[in-house]
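Peer 1: the sequence isn't on hand, but the structure is:
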């Protein structure tokens with residue numbers, strides 16, 4: 001696992017703020033059930049220096065306005081509710 005030097009200002013998958021991003025070039029495991037820190041991780045495939053990579057964008061509960069154990073915002077809407085897409089609630 002590495003931290004990419006070039007990092008977008010927002011997650012390229014959901015357009016939400018993110019806490020950190022990590023870059024992986026081999027097997028990974030993800031389990032976020034009732035995670036006290038992160039609500040979700042978005043995955044973005046990339047090719048860096050001709051090597052397939054998977055970027056992980058780590059979203060915490062505060063950034064997505066959720067509470068632990070919930071997929072839904074606790075107060076209002078978030079950036080995942082984009083025009084032309086069904087509402088998240």
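Peer 2: Received, thanks. No experiment lies behind these values; they were computed from the predicted model shown.

Peer 1: all strands for this protein, in order.
Peer 2: Here the chain has its strands, by DSSP state E, at 20-24, 38-48, 51-60.

Peer 1: how about the nearest residue to residue 17, chain neighbours excluded?
Peer 2: Using Cβ to Cβ, 6 or more residues apart in numbering and skipping residues adjacent in sequence, the residue nearest residue 17 is residue 63, 4.6 Å away. The way it works is simple: take the backbone N, C-alpha and C, and place the C-beta from them, glycine included.

Peer 1: distance of that neighbour from residue 34?
Peer 2: 18 Å (Cβ to Cβ, to the nearest Å).

Peer 1: more crowded one of these two?
Peer 2: A count of neighbours by other Cβ atoms under 10 Å puts residue 63 above the other of residue 63 and residue 34, at 18 against 8.

Peer 1: check contacts around that one.
Peer 2: By Cβ atoms under 8 Å, 6 or more residues apart in numbering, the residues touching residue 63 are 16, 17, 18, 19, 39.

Peer 1: could you do residue 55 as well?
Peer 2: The contact partners of residue 55, by Cβ under 8 Å, 6+ apart, come to 4, 21, 22, 23, 24, 43, 44, 45, 46.

Peer 1: for it, give me the pLDDT.
Peer 2: pLDDT recorded at residue 55 is 91.

Peer 1: burial of residue 2, as a residue count?
Peer 2: 10.

Peer 1: what pairs with it across the strands?
Peer 2: Beta-bridge pairing for residue 2 (DSSP bridges): residue 23.
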